[in-house]
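*Asks:* predicted model and sequence below, questions to follow.
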Amino acid sequence: MTRFYEKKYPDVDELVMVQVMSIEDMGAYVKLLEYDNIEGMILLSELSRRRIRSVQKLIRVGRNEVVVVMRVDPDKGYIDLSKRRVSAEEVVRCSEQYEKGKTVDSILTQVARKHEGMSAESLYEKIAWPLHKQYGHTYDAFKLSISEPDHVFAPLGLDPDLLTELRSTIARRLTPKPVKVRADIEVKCFSYAGIDAIRRALQAGEAVSTEEVPIKVRLVAPPLYVMTTTSTDKVAAIDLMEQAVERIGESIAQEKGDLVVKMKPKVVSETEDAELKALMDKFEAQNMDVAGDDDSEEEEE
């Protein structure tokens, strides 16, 4: 682990991620994870806004905490921190920033291992810190480099072999992986043209599809249908699937039919996908069994 940022110490009022090392009478000793594990302290009075009855309920050794910097004395090496002055929104923001930093650190460490005599620290100096200064965070620069490598890396003047390895590692780690989104619905319509009404409603749902988020509807067993899509943009896929479900509901309602959402659109795991396939195979097998029974009865007659 090295410094995520070029400066050696954090600024006053900066949010930082720390890990609790020990709890003493004065407060908790911690290490600053983004600043080369330098030591800091959360004073007992800065642990909580409420009266402290049990320190162990507020903070535990080994746990990561988001805190804000109150005082920094570089000469003596003192860093005073506060947990009680951090809002829930700030915890989320700092946690996201820390995860970005961990990803960058992992990428640079991997690249350094592939090049003999090169350290992660030297890559921070050559790559991470200059990009952080220009783009606000090295992670954001790495993400942009997937589509615009020359724009991001040309000013750094990196060795061609190093650049190739860096780009390859970034692509493996940061290229979005497709996720599967699914929704289960029941669609019923008992009017004279009910089957056609259901078909039109399902087609209306599929028509919401885009090139990036294609939606397919399949029959499991009447009246249960499954809607699926695969996309690298999870949020967009769920949002579009919700729109498709709404469109189906509107269409079938006009035909005096009914829509029941059995499972709202969500990302499904391989296990859930396998369970669905097993269920569909089961229904298909049952249908074949019934057809076989009919044939045998006709032969007996």
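*Replies:* Sure thing, it's come through.

*Asks:* where along the stretch 51-200 of the chain do the helices fall?
*Replies:* Counting by DSSP state H, counting those that start in this stretch, the stretch 51-200 of the chain has helices at residues 55-58, 88-114, 120-123, 129-135, 138-145, 149-153, 160-174, 194-206.

*Asks:* helices and strands around the third one, which ones?
*Replies:* The one in question is helix 120-123. Packing contacts for helix 120-123, counted by 3 or more CB pairs under 8 Å, 6 or more residues apart in numbering; DSSP states H and E, involve helix 88-114. In short, each C-beta sits where N, CA and C put it, glycine included.

*Asks:* quick one, strands of the stretch 151-300 of the chain?
*Replies:* Ranges of strands in the stretch 151-300 of the chain, per DSSP state E, counting those that start in this stretch, are 179-188, 216-221, 224-231, 258-267.

*Asks:* pull the contacting residues for the closest residue to L279 other than its chain neighbours.
*Replies:* Distances taken as CB to CB, 6 or more residues apart in numbering place V220 nearest to L279, at 6.4 Å, with adjacent residues excluded. Under the criterion of CB atoms under 8 Å, 6 or more residues apart in numbering, the neighbours of V220 are 184, 226, 276, 279-280, 283.

*Asks:* P214 versus the spatially most central residue of the chain, what's the distance?
*Replies:* When CA atoms, centre = their mean is applied to the chain, the residue found nearest the centroid is K234 (8.6 Å). Separation of K234 from P214 (CB to CB, to the nearest Å) stands at 15 Å.

*Asks:* okay, the residue lying closest to the residue nearest to the centre of the chain once chain neighbours are set aside and T271: tell me how far apart.
*Replies:* Closest residue to K234 apart from its sequence neighbours, by CB to CB, 6+ apart: V179 at 5.1 Å. Note on V179: its distance to T271, by CB to CB, is 14 Å.

*Asks:* with G40 instead?
*Replies:* G40 sits 43 Å away from T271, going by CB to CB.

*Asks:* those two: which is more packed in?
*Replies:* G40 (25 against 8; other CB atoms under 10 Å).

*Asks:* I figured the more buried one hits A28, correct?
*Replies:* No: the criterion here is CB atoms under 8 Å, and G40 misses it with A28 at 9.3 Å.

*Asks:* circling back to that earlier point, tell me the contacts of the residue nearest to the centre of the chain?
*Replies:* Shown in contact with K234 (CB under 8 Å, 6+ apart): 179, 181, 267.

*Asks:* I'd say the second one and M263 touch.
*Replies:* No: under the criterion of CB under 8 Å, V181 is not in contact with M263, lying 10.9 Å apart.

*Asks:* of the two, who's got more company?
*Replies:* Ranked by neighbour count (other CB under 10 Å), V181 and M263 place V181 first, with 24 against 13.

*Asks:* please name the bridge partners of that one.
*Replies:* For V181, the beta-bridge partners are T229, V267 (DSSP bridges).

*Asks:* for E255, find the nearest of the helices of the stretch 51-200 of the chain.
*Replies:* helix 194-206 (3.6 Å; CB to CB).

*Asks:* can you dump the C-alpha atoms of stretch 118-125 in PDB for me?
*Replies:* Output in PDB follows, covering the C-alpha atoms of stretch 118-125 (Å, rounded to 0.1, in the frame of the first residue of the first chain):
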ATOM      1  CA  MET A 118       9.500  -1.400 -11.100                       C
ATOM      2  CA  SER A 119       7.500  -0.500  -8.000                       C
ATOM      3  CA  ALA A 120       3.900   0.600  -7.500                       C
ATOM      4  CA  GLU A 121       5.300   3.700  -5.900                       C
ATOM      5  CA  SER A 122       7.100   4.700  -9.100                       C
ATOM      6  CA  LEU A 123       3.900   4.100 -11.100                       C
ATOM      7  CA  TYR A 124       2.000   6.400  -8.800                       C
ATOM      8  CA  GLU A 125       4.600   9.100  -9.500                       C
END
